[in-house]
Structures are given as structure tokens and as C-alpha cells.
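*Asks:* structure for the following, please:
(one chain, ligands or ions: 1)
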Amino acid sequence: MKYVDEFREPALAHKLLARIKARSTQPIRLMEFCGGHTHAIMRYGLRTLLPPTVDLRSGPGCPVCVTANADLDRAIALAKVPDLILTTFGDMVRVPGSIQTLQDAKAAGADVRMVYSVLDALKIARENPARPVVFLGVGFETTAPTIAAAVLQTQAEELKNLSVLSLHKLTPPATRAILDAGQVAVHGIIGPGHVTTIIGADAWEFLPAGYGVPVAIAGFEPLDILRAVADLVDMIEDGKPAVSNTYARSVTRQGNTTALEVMNSVFHLGAAKWRGLGTVPASGLTFRPEFARFDAGRIFDVDPGPTREHRGCRCGDVLRGTLTPPECPLFGTACTPARPIGPCMVSGEGACAAYYQFGQDGS
Ligand code: SF4
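*Replies:* I've put the predicted structure just below:
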């Protein structure tokens, strides 16, 4: 298959591994920001192929996982508003909030509907003009432009009943927060390919310039990731941090300016609560004042009650990169994909789910 098979070519993988082994002399830790990369790394067993000097560590790049319990509780409280239809991507319904999941709320009578895209929510709103419909806006820069476009469409159609609970988050501020916290030594970042397709490779220049940390933007096939690791090893060994774009078939320096314009026309920067990172300034997207009538957070005054974290769940540490999933005492025992305790075991992009599904070393 074009653009897939050539990025899984074993001979090229061996060449890249040989290059990495030849160049890597010092122990380094590379963080893959994106949960999609974690799954690819585990699926193809890349951790086991790399030399012992190169440690790969998962980061906060799973939007479901980083949604704070307080925000999830708010979504669950919203779902209980009489007559309201809450629409959401599938993974969110199984994530435990402080006392229940959206699935529990649905079982108790709330009208919670899983959708594949915000366009499905738009359709539900058209079909139910007398009922309020809320879309749970969870995602990074890849998702937010589509939500913004749906808001503009809602406005154009003069639909009065669709609103969005915007829990969107931005990736560069989270990376900055992890480095500023200094709890985990990170020598290089494997940059998120899909997000960077939108925001552009230049958005990561602050890492080499301000932190001396190199970045290699990567796609999601094994050769993409090995090439990124090879570039990071080279830059670290040479002491020349920079931004390397190994995903040039999708990523440009400026990104998708149309998508960014749409996103920025509806949303502006605001503080966001991240599981594991706390409140990070200017790391979320909130509605611009002229779009306030689409803001479910303003329209519905709900009381989600006190927030509590799940005893023993170490998702926050996993998302900060201070812990690997198997180091959580509940991993694979009390917490499994069938009975998840934290979101990192629920989500298709969660690090705990990746380690569980593919084995601790992808074996
Ligand atoms: Fe949380 Fe389960 Fe992951 Fe442990 S294994 S950090 S309990 S999601």
C-alpha cells in the first residue's frame, strides 16, 4: 500500500537501527508526546530493538487521558440535565469520573450518544430542534478546527440547540509544562505528526531555542519513528538541537493555515486543566465572546460536586512521563482494558492500554 509498505521495510529498519546503535554513546530519554506513537512503538516492538542507551517514554498526548476528572464530572452532570442530549467520542463514555462514567449516567437514563465526528452531533441537533444537544469537545489541535467549523456551520444554519463543552487542549504548552516541572529528564522529543500537520513544524522551535531540547516530528509507521529517533540521537550526540521534520509527506513548517484560521476564529487561548499537569495557562481553547452562545459551559449551570481521584491510579505520573505503565501497582491486575481504573487504560491512545495490549516491551 502506497505510503505504508515503504515505511515498514525491514531492510531500511535495520539500516536505521544500525545508525542509531553506531551513534548512541550516552544514556538518553526521548519522550513521544503522542499516544499514537506509543501504540506504534509497542505494536512494532521498537523499544526492544533500540540500544539500551535509548529510553522511550510516553507523554501526555492522549486527549481522553489528559481530561481532568473535574471536567469529566462536569460532562457527566451536563448529561443529567433533563431533555439534554450529550454527544461524545466513544472512548470518553468509559472513563471513570469521580464517582461514575458517562456510561453509568446513560444506564441511569441520561441521553448520552456516541458519535464518530462532530458532524454527527450537528445531525442530531437538526433532528431534535426542541432539545439541547451538547458535544463534548475533547481533543488537540487536530480536532479543534473541525469543531470550530461545525460551530460556524451551526451559526450559518441558525440552529439554536447545539453547543460545545470545549475541553480542547494545545500540545506545545503541555510539553513546556513537563520540561519546566523538571520531574523527568527529557533529552529529546518525538513530535506529534498529526498535530504538527496542523500547527506546523515551526511551532516546536521554542524547544531547541529555549530548552536546548531537539525535536523530531514523526509519522506513525515504524520507519518514521526510527528515523526520528536516529535524528534525535544525532542531534544530541552532536550537541546541535534543532527541529527535524521526518514527516515531510504531511507536515510543513507553517502547518495548515486554513485549519488554524478557522480554529482561531471561534476559539482563543485559555487556561486548561490537565490530568497530571494541573492547570496550565494558555493551554486550552475557550470560546471567543462573539461565540459565547455555543459555549455549553456558560449555558448550563451544573454542579458536578466534589472531585476525587482514583486511589492508586498513577495515570498522572504516566502522562508526565515520570512512570511507565507497568510501574503502576494496579497495571494488569486491578486495572485492565476490561475493567479500567484510569483513562490511560481506557483510551485507544492510552499508554497503559498500549503496554497491556502489546506486552511491556511490545513482545
Ligand atoms: Fe491508572 Fe490503570 Fe494506568 Fe495504573 S494501569 S496508571 S490504574 S490506568
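*Asks:* may I see the buried residues of stretch 25-43?
*Replies:* Residues of stretch 25-43 classed as buried by neighbour count (16 or more other Cβ atoms under 10 Å): 28, 30-42. Bear in mind the C-beta positions are built from the backbone N, C-alpha and C, glycine included.
*Asks:* could you do stretch 70-82 as well?
*Replies:* 70-81.
*Asks:* only alpha carbons, please: show that stretch as CSV.
*Replies:* Presented in CSV, the C-alpha positions along stretch 70-82 are these (Å, rounded to 0.1, in the frame of the first residue of the first chain):
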residue,chain,number,x,y,z
ALA,A,70,-13.3,17.8,37.3
ASP,A,71,-14.1,18.4,33.6
LEU,A,72,-15.3,14.8,33.1
ASP,A,73,-17.6,15.2,36.2
ARG,A,74,-19.0,18.4,34.6
ALA,A,75,-19.7,16.5,31.4
ILE,A,76,-21.5,13.8,33.4
ALA,A,77,-23.5,16.5,35.3
LEU,A,78,-24.4,18.0,32.0
ALA,A,79,-25.6,14.7,30.7
LYS,A,80,-28.2,14.6,33.5
VAL,A,81,-29.8,17.9,32.6
PRO,A,82,-33.4,17.0,31.7
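*Asks:* how about that stretch and the ligand, touching?
*Replies:* No - between stretch 70-82 and the ligand, judged by Cβ under 6 Å from any ligand atom, nothing touches; the nearest distance is 13.9 Å.
*Asks:* what's in contact with that stretch?
*Replies:* 84, 86, 88, 92, 95, 97-98, 100-102, 105-106, 110-112, 132, 134, 136, 165, 167, 273, 296-297, 300, 302-305, 307 (Cβ atoms under 8 Å, 6 or more residues apart in numbering).
*Asks:* which of these are buried?
*Replies:* 84, 86, 88, 92, 95, 97-98, 101-102, 105-106, 110-112, 132, 134, 136, 165, 167, 273, 296-297, 300, 302, 304, 307.
*Asks:* who's in contact with the residue of the chain positioned farthest from its centre?
*Replies:* Distance from the centre of the chain peaks at residue 130, with 33.8 Å (Cα atoms, centre = their mean). Listed by Cβ under 8 Å, 6+ apart, the contact partners of residue 130 are residue 161.
*Asks:* gap between it and the ligand?
*Replies:* With distances taken as Cβ to the nearest ligand atom, to the nearest Å, residue 130 is found 40 Å from the ligand.
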